[in-house]
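Chemist: missing the sequence, but the structure's below:
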């Protein structure tokens with residue numbers, strides 16, 4: 001069976017570790033967008049709650065409303081929306097909404113529905129956020145709207161995964177300028193957040209009143225070459241569903257792009273691009289079987305991949321578990337480095353026929 005196994009006790013420990021890192025005076029927003037980075041929001045959120053999360057963050061209003069329907073009563077913030085059909089429902093159930101532009105500010109003012117908002121300010125990411133030229137307009141507009149409560153400002157680092165990058169200093173300074181301008185305009189801004197996982201673990205000056213942590217909660221290292229003691233929570237695995245001898249010079253899979261340089265055996269594993277394993281992983285993936293790594297060879301198929309066992313000295317057999325990444329195989333971070341992407345993308349990949357299983361449900365605090 002193709003499955004992701006999620007270790008909930010690991011997630012609990014990661015949240016506790018982050019809480020210890022930031023101290024008692026800084027709040028922790030756990031980011032659970034994209035179905036908790038592929039880990040399953042419904043199972044993960046209760047564990048984070050018990051481990052000390054102070055609030056939750058998601059991308060869309062639909063995700064925020066889903067959290068409320070799950071019974072979450074802590075603050076929930078969402079930051080991507082335009083004319084979302086669930087805007088009224090999100091406001092009605094107390095979702096905190098990010099204001100990314102003057103147009104969004106006007107929309108919320110005109111809606112005349114009580115709203116708690118964060119103002120997302122542009123500080124150098126140039127993706128979303130109120131531009132500096134519009135700061136004063138938005139600050140004053142929201143200040144004067146009696147039905148709107150501004151919780152604070154937020155922004156996002158572009159290069160926090162590179163702690164020595166000077167752009168981080170520039171963005172933090174710009175965020176502080178925005179905060180000074182907001183308060184000068186009469187906004188109290190009691191809770192402000194700039195730090196993502198990388199900045200939370202490496203840049204205490206950017207913690208402000210709250211940090212916004214996603215990746216690190218799931219045990220994935222956000223800064224290359226660092227080890228903050230996080231425990232990866234996800235393992236993606238299938239099974240050996242076929243064994244076949246192959247002779248020297250014989251090829252496997254579509255296009256015959258790989259051929260054996262000596263006689264040996266191939267294992268077929270029940271995972272392919274329909275399940276979220278990209279064809280581009282060909283030649284970069286090492287599959288874990290029986291505690292050892294074996295190279296994936298040939299084209300990735302819709303439903304299967306082939307693995308070179310050599311002469312199969314360890315007796316790999318039908319039904320053996322085969323780890324794509326995680327416990328017993330490459331880590332998600334190692335796989336990301338091998339294929340030229342980031343571990344965020346790797347853990348969001350499993351899909352299709354992949355089923356989820358959970359460990360530690362009764363043990364997580």
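Modeler: Cool, the structure landed. Here the structure is a predicted model, which means the values were calculated and not measured.

Chemist: Strand partners (parallel or antiparallel) of the lengthiest strand in the chain?
Modeler: Identified as the longest strand of the chain according to DSSP state E is strand 234-246. Applying DSSP bridges, strand 234-246 is found paired with strand 3-7 (antiparallel), strand 264-269 (antiparallel), strand 321-325 (antiparallel).

Chemist: Pick the most buried one from those strands.
Modeler: Compared across those, strand 321-325 shows the largest average neighbour count, a mean of 25 (mean count of other Cβ atoms under 10 Å). Quick note: C-beta positions are derived from backbone N, CA and C, even for glycine.

Chemist: list the buried ones in the helix or strand just after that strand?
Modeler: Later in the chain than strand 321-325, the nearest helix or strand by DSSP states H and E is helix 332-339. Neighbour-count burial for helix 332-339 flags 332-333, 335-337, 339 (criterion: 16 or more other Cβ atoms under 10 Å).

Chemist: what do you get for stretch 188-207?
Modeler: For stretch 188-207, a neighbour-count test (16+ other Cβ under 10 Å) marks 189, 191-203, 206-207 as buried.

Chemist: Then stretch 12-31?
Modeler: Burial within stretch 12-31, assessed by neighbour count using 16+ other Cβ under 10 Å, is assigned to 12-15, 17-19, 21-22, 26-31.

Chemist: Just the terminal-to-terminal distance for stretch 195-207.
Modeler: One end of stretch 195-207 to the other measures 6 Å (Cα to Cα, to the nearest Å).

Chemist: same thing with stretch 49-57?
Modeler: For stretch 49-57, the separation between the terminal residues is 13 Å (Cα to Cα).

Chemist: Need the contact partners of that stretch.
Modeler: 11-13, 15-16, 19, 27-33, 45, 48, 67, 72, 74-79, 210, 212, 214, 364-365 (Cβ atoms under 8 Å, 6 or more residues apart in numbering).

Chemist: Of those residues, which belong to helices?
Modeler: 11-13, 15-16, 19, 33, 45, 48, 67 (DSSP state H).

Chemist: Strands of the stretch 101-250 of the chain, start to end?
Modeler: For the stretch 101-250 of the chain, the strands defined by DSSP state E, counting those that start in this stretch occupy 115-120, 148-154, 210-213, 234-246.

Chemist: Of those strands, give the one that comes closest to residue 306.
Modeler: Closest to residue 306 of these, according to Cβ to Cβ: strand 234-246, at 8.4 Å.

Chemist: max-length helix in the chain?
Modeler: With secondary structure taken from DSSP H, the chain has its longest helix at helix 166-184.

Chemist: for the record, mean pLDDT for it?
Modeler: Here helix 166-184 scores 97 as its mean pLDDT.

Chemist: which strands and helices sit next to it?
Modeler: On a contact count with 3 or more Cβ pairs under 8 Å, 6 or more residues apart in numbering; DSSP states H and E, helix 166-184 meets helix 135-143, strand 148-154.

Chemist: Fine by me, we can end here.
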